[in-house]
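**Student:** No sequence on hand, only this structure:
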């Protein structure tokens, strides 16, 4: 089997997102489809980007020449070549490197008629999910949205905070007031800039029995995050913005997080996250892949979750189902569990009609 072509499709859905300290951005994504001479294609999707057009152009102009004619089963060799070409002196795009590798695994799974998690060494067939809210919301809005999520089967939610310590406490208090049994995760999206305030936030989280506090400080300030973790009374988690085994080795060695959150569509693909998860497991750190974006991103990371023995949660983006752009929905049952897709490859079929509806390139 040989790779014969690579194509990209950029989509933009009518949603504007504002979370954490980040500016408002559009909900966009880039699909990458790798074609082979045996008629088996693999498709994967990048995370939201500020310039999906640039990312798509990069895949087609820089990565396509590297991939054409290659055997898609030689994933490690291809990933190493891309890394050597683009992540040294020529500054590659981690999302592009990652999405190509995910698409290769989609081909492998389809060729062997197996879901990816079983090819990686399957561990579980279902996982509890938490509803991950997309936006900053007022306390009453958060409480109402939490009730909707619970009605859909979720036993846990993750809320976005980061406005001020006072407002953050009001938001957490409102969600805790919905149910004493609800498990609550909190994501500050790097909104605070010093350990002192982050520790105050951790104390607030502890007061309301929060499961974890995610990236209260800038994710590249690993020394301050390490200090915070050593002094915090609640688990500190993060890693969604980090790429590659070397970066995560540094994170783990410096004891930055209690739980790491690599994303196969951002952190280097399946092989990289498999290695990262193994490093974490060897020192007793949990690995809960980050998921944010359209349905194929959830499917990709859900396959990784199915192969990880140190993963106890799935992040489930809580937005209108029409924006999943897939024919199947990865929704929880009444006990709050999501099943790992069992169809070959990513296990999820794209809704190309929906994709083309929102296509901009």
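**Tutor:** Thanks, I have it. Just so it is clear, the structure is predicted and the values come from calculations on it, not from any experiment.

**Student:** rest of the way, CA atoms for contacts and neighbours
**Tutor:** OK.

**Student:** Tell me the secondary structure of residue 15, please.
**Tutor:** Secondary structure, DSSP: H, G, I helix; E, B strand; the rest coil: residue 15 is strand.

**Student:** wait, doesn't it sit right on residue 27?
**Tutor:** Yes: look at residue 15 against residue 27 with CA atoms under 8 Å: they come within range, at 5.6 Å.

**Student:** For the two, indicate the residue with more neighbours.
**Tutor:** residue 27 (19 against 13; other CA atoms under 10 Å).

**Student:** Could I get the phi/psi values of that one?
**Tutor:** phi -80, psi 100 (degrees, to the nearest 10).

**Student:** tell me the strands in the stretch 151-300 of the chain, going along the chain?
**Tutor:** Ranges of strands within the stretch 151-300 of the chain are 156-160, 183-187, 212-214, 236-238, 259-260, 286-287, based on DSSP state E, counting those that start in this stretch.

**Student:** Please, where are all the helices along the stretch 51-200 of the chain?
**Tutor:** 52-58, 64-67, 75-86, 94-112, 116-119, 139-151, 165-176, 195-207 (DSSP state H, counting those that start in this stretch).

**Student:** check contacts around the nearest residue to residue 200 once chain neighbours are set aside.
**Tutor:** Residue nearest to residue 200 in three dimensions, not counting chain neighbours: residue 165, with 7.7 Å by CA to CA, 6 or more residues apart in numbering. By CA atoms under 8 Å, 6 or more residues apart in numbering, residue 165 lies in contact with 197, 200, 201.

**Student:** JSON lines for the helices of the stretch 51-200 of the chain, including distance to residue 43 and mean pLDDT?
**Tutor:** As requested, these are exported to JSON lines (distance: least, CA to CA, whole Å; pLDDT from 0 to 100):
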{"stretch": "helix 52-58", "distance to residue 43": "13", "mean pLDDT": "92"}
{"stretch": "helix 64-67", "distance to residue 43": "14", "mean pLDDT": "96"}
{"stretch": "helix 75-86", "distance to residue 43": "15", "mean pLDDT": "92"}
{"stretch": "helix 94-112", "distance to residue 43": "5", "mean pLDDT": "96"}
{"stretch": "helix 116-119", "distance to residue 43": "13", "mean pLDDT": "98"}
{"stretch": "helix 139-151", "distance to residue 43": "30", "mean pLDDT": "97"}
{"stretch": "helix 165-176", "distance to residue 43": "38", "mean pLDDT": "98"}
{"stretch": "helix 195-207", "distance to residue 43": "39", "mean pLDDT": "98"}
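
**Student:** Let me have the ones you listed in TSV, extended by distance to residue 349.
**Tutor:** Formatted as TSV, those follow (distance: least, CA to CA, whole Å):
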stretch	distance to residue 349
helix 52-58	21
helix 64-67	24
helix 75-86	22
helix 94-112	11
helix 116-119	14
helix 139-151	25
helix 165-176	35
helix 195-207	39
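
**Student:** Nearest to residue 46, out of those?
**Tutor:** When the helices of the stretch 51-200 of the chain are compared by CA to CA, helix 94-112 sits nearest residue 46, at 5.8 Å.
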